[in-house]
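Participant: need coordinates for the below:
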Amino acid sequence: MTSLVCSIMIKDKLKRFNLNQAINSARANKFAAAKKKKDLEIDLMYLLRPLRDMRLSEKYKVCAHWLVPRLSADLDNLMLKSVFDAMQTMGVLKNDDMHHIVEINHTFENAKIKDQGV
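Facilitator: Numbers count the residues shown, from 1 in each chain. Next up is the predicted model:
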């Protein structure tokens, strides 16, 4: 059985969650890409600190509602990997494999640049 356990809002620049940005950064300089990934994970752990006492170890459905400043952006380039990695590092999420995350749904809404995020 799956259920909604928590709802979180992360206001951050969408380019930090963009798969193409991550690939281009890794191609240009793998050490810089690793640093960007680590910096994002640290920032996300700070934003996710209200969840630090939660322990999610069952099966969950994830609903990602993206707030995008431009509707011309490719929704398929946005990824939750960094969010799941930060939650695992914090011990909030036991694992982000398919035994635990059984469904991911993405929706989007147009928003002002200052309000972008997921």
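Participant: contact partners of the lengthiest helix in the chain?
Facilitator: Secondary structure of the chain per DSSP state H: the longest helix is helix 30-47. Residues outside helix 30-47 that contact it (C-beta atoms under 8 Å, 6 or more residues apart in numbering): 8, 10, 12, 16, 22, 25-26, 82-83, 85-86, 89-90. Heads up, the C-betas are built off the backbone N, CA and C, glycines and all.
Participant: off-centre distance for it?
Facilitator: Counting by C-alpha atoms, centre = their mean, to the nearest Å, helix 30-47 is centred 12 Å from the centre of its parent chain.
Participant: now list the buried members of the contacts of helix 30-47.
Facilitator: Buried subset of the contacts of helix 30-47 (neighbour count, 16 or more other C-beta atoms under 10 Å): I10, D12, R16, A22, S25, S82, V83, D85, A86, M90.
Participant: quick check, the second one in contact with K114.
Facilitator: I take that to be D12. No: applying C-beta atoms under 8 Å as the test, D12 and K114 come out as separate, 11.2 Å apart.
Participant: still on that earlier bit, farthest pair in the buried ones among the contacts of helix 30-47?
Facilitator: Using C-beta to C-beta, the two most remote members of the buried ones among the contacts of helix 30-47 are S25 and M90, lying 23.9 Å apart.
Participant: now do the contacts for V83.
Facilitator: Contacts of V83 by C-beta under 8 Å, 6+ apart are I10, F17, L44, L48, V118.
Participant: could you pull up phi and psi at it?
Facilitator: The phi/psi pair for V83 (degrees, to the nearest 10) reads phi -70, psi -50.
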